[in-house]
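Asks: Sequence plus predicted model, see below.
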Amino acid sequence: MSGWWWVLIGIGALLLLVAIYDVLQRRHSILRVFPVVGHLRYILEAFGPELRQYIVTTNDDERPFSRNQRRWIYASSKHQNNSFGFGTDAEFERSPGYLIISPTAFPAPAPEGGDPDDWPLQSAKVLGGPRERPKAFRPASVVNISGMSFGALSARAVESLNAGAALAGCLQTTGEGGLTPYHLQGGELVMQFGTGWYGARDRHGRLDLPKLVDLVERHPIRAIELKLSQGAKPGVGGMLPASKVTPEIAEIRGVEPGTACVSPSRNPEFGSVDELLDVVERIAEATGVPVGIKSAVGDPRFWSDLAREMDGGSRGVDFITIDGGEGGTGSGPLAFVDHVGLPYRLAQARALRAFAERGLQHRLTWIGSGRLGLPEEAIMAFALGADMVNVAREAMLSIGCIQAQRCHTGHCPSGVATQSRWRQRGIDPTLKAARAASYVIALRREITRLARTTGVEHPSQVSLDHIEVLEGDILTPVSQRFGITPGWAVPVEI
């Protein structure tokens, strides 16, 4: 046998050993699913800055999350250095709506004792406190994990996120797909119900209140969120493709396996603000937990009607989650994804204005959602009146998502948004939970630093006066740009 044959045999043996190692290791999802060839991604990623500089894109061009933004999330989740060298590569004057956070000459001092960067960052408001719900509570974290259903996400992804929420001391919203064993890894929950009432529905698809009460009593559910619409696709309801409706998912949701699971665009329990508040109070009275809504923002009449109905004080929601149009989705029609519903900043301003004009904005907790998992976007949300922010796609990135944008195909290469057993085996829940927690903690740390840089101790104290928006070479006050009167967004209690 010639020497070349031995060389080929040696190469083949080496590749076999690498493949075996890749399949057995647990740190990298891509390598477990795509042994050997998966290394190409990391090799190309290592030379990414050079390749993009001459061939592809800049660090700030990609969407929905740029390379720099993803790098910050990845590094934060892995406890790596998440700082950037040699200054900014952002072009201020060419970036419409560029945020400028105003630093003070005298930053707020760090709290005494312990690591100042790990200062607990709890909510400034008691969730359900103004309406005196029996199980009102002050959330321990202003950063929480947004609603992503089992079915849209894989079992291991949901498990990783819930265990990560427990480690980070934050809440996880279940998504509208029902409560699963994968949500019960130690993290406390906000139970979300969409128009399908999965997990608490009768055989006709309507709300089964005794079933909901039993659900709350047996599980760590701290609040209930009624999803009116999703920012990424308002007005079309939800849809889980038939290929993703496994027997397990069908049993959890109470639907037929192997058939598309379609949530109607309109909730069968209410068709007006008056009926909505009746349902909210029924659920709150029966369960004792705070009850709120999640919604995209469009027609201002809904928000003015809701504020007017709550003005009397006898009925009301405990929190409102504003979901911006730039938020994510596993699947949605392009026209709806791109053109229906306001982006977060305008949405928050419109909804808040309806309540602030009646002096009611402090009587409920405001939660922001829609690409707010980056420090500068989160601090902007607080300035606009949010008390907490929810993160979804950023949390997915922290556990291995690579922004392949194949969520709707069932062929997610990282195992995060798929029901393929082979693909999701790349996720090790123990390791990924630690990464999700590290990301949430890092985000809280950066939010805290930004708040102190403006001279205040808590992000809820950041006001519109602390942020300006740059358009070309013109600075515009946030209050002027979004039509919010200074003082509206400052919380009553800290």
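Replies: Nice, thanks for sending it over.
Asks: Point out where the stretch 1-150 of the chain drops to low pLDDT.
Replies: 1, 46-61, 93-94, 113-120 (pLDDT under 70).
Asks: What ranges does it have for its strands?
Replies: Under the criterion DSSP state E, counting those that start in this stretch, the stretch 1-150 of the chain contains strands at 98-101, 143-145.
Asks: And the pLDDT for the nearest residue to Leu209 once chain neighbours are set aside?
Replies: Spatially, and ignoring its direct neighbours in sequence, Leu209 is nearest to Ala286 (5.8 Å; C-beta to C-beta, 6 or more residues apart in numbering). Placement of C-beta: from N, CA and C, glycine included. As predicted, Ala286 sits at a pLDDT of 97.
Asks: Ramachandran angles for the closest residue in space to Ala155 that isn't next to it in sequence?
Replies: Distances taken as C-beta to C-beta, 6+ apart put Tyr182 closest to Ala155, at 4.9 Å, once the chain neighbours are dropped. The phi/psi pair for Tyr182 (degrees, to the nearest 10) reads phi -70, psi -20.
Asks: And for the residue lying closest to Phe482 once chain neighbours are set aside, the neighbour number?
Replies: Excluding its sequence neighbours, the residue lying closest to Phe482 (C-beta to C-beta, 6+ apart) is Ala349, at 3.9 Å. By other C-beta atoms under 10 Å, 23 other residues sit near Ala349.
Asks: Go through the strands of the stretch 1-150 of the chain and pick out the most buried.
Replies: strand 143-145 (a mean of 27; mean count of other C-beta atoms under 10 Å).
Asks: for the helix or strand that that strand is followed by, what is the average pLDDT?
Replies: Note on strand 143-145: by DSSP states H and E, the next helix or strand toward the C-terminus is helix 155-168. Here helix 155-168 scores 96 as its mean pLDDT.
Asks: Only alpha carbons, please: show helix 155-168 as CSV.
Replies: What follows is helix 155-168, C-alpha atoms only, in CSV (Å, rounded to 0.1, in the frame of the first residue of the first chain):
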residue,chain,number,x,y,z
ALA,A,155,-38.4,21.0,24.9
ARG,A,156,-34.7,21.5,25.7
ALA,A,157,-34.8,25.2,24.9
VAL,A,158,-37.8,25.8,27.2
GLU,A,159,-36.1,23.7,29.9
SER,A,160,-32.9,25.6,29.6
LEU,A,161,-34.7,29.0,29.8
ASN,A,162,-36.7,28.1,32.9
ALA,A,163,-33.7,26.7,34.7
GLY,A,164,-31.8,29.8,33.7
ALA,A,165,-34.6,32.0,35.0
ALA,A,166,-34.3,30.2,38.4
LEU,A,167,-30.5,30.9,38.4
ALA,A,168,-30.9,34.6,37.5
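Asks: Next SSE downstream of it?
Replies: Helix 155-168 is succeeded, C-terminally, by strand 171-173 (DSSP H and E).
Asks: need the next SSE after that next one, C-terminal direction.
Replies: Next along from strand 171-173, by DSSP H and E: strand 188-193.
Asks: what does that next one rub up against?
Replies: If you take C-beta atoms under 8 Å, 6 or more residues apart in numbering as the criterion, strand 188-193 is touched by 144, 147, 162, 165-166, 171-176, 179, 183, 199-200, 207, 212, 215-216, 219-227, 294.
Asks: Return the members of the residues you listed classed as buried.
Replies: Buried members of the contacts of strand 188-193, scored by 16 or more other C-beta atoms under 10 Å, are 144, 147, 162, 165-166, 171-176, 179, 183, 199-200, 207, 212, 215-216, 220-227, 294.
Asks: residues contacting Ser123?
Replies: With C-beta under 8 Å, 6+ apart, Ser123 has these contacts: Arg138, Pro139, Ala140, Ser141, Val142, Thr365, Asp387, Met388, Ser460.
Asks: Give me the distance between the third one and Arg308.
Replies: This means Ala140. Separation of Ala140 from Arg308 (C-beta to C-beta, to the nearest Å) stands at 33 Å.
Asks: same question, the fourth one
Replies: Counting by C-beta to C-beta, the gap from Ser141 to Arg308 is 32 Å.
Asks: Looking at these two, which is more packed in?
Replies: More crowded of Ser141 and Arg308, by other C-beta under 10 Å: Ser141, with 21 against 13.
Asks: Go ahead and confirm that one touches Gly164.
Replies: No: counting by C-beta atoms under 8 Å, Ser141 does not reach Gly164; the two are 11.8 Å apart.
Asks: In terms of secondary structure, what does the lengthiest helix in the chain contact?
Replies: When the chain is parsed with DSSP state H, its longest helix is helix 429-453. Helices and strands touching helix 429-453, by 3 or more C-beta pairs under 8 Å, 6 or more residues apart in numbering; DSSP states H and E, are helix 67-77, strand 143-145, helix 155-168, helix 375-383, helix 393-398.
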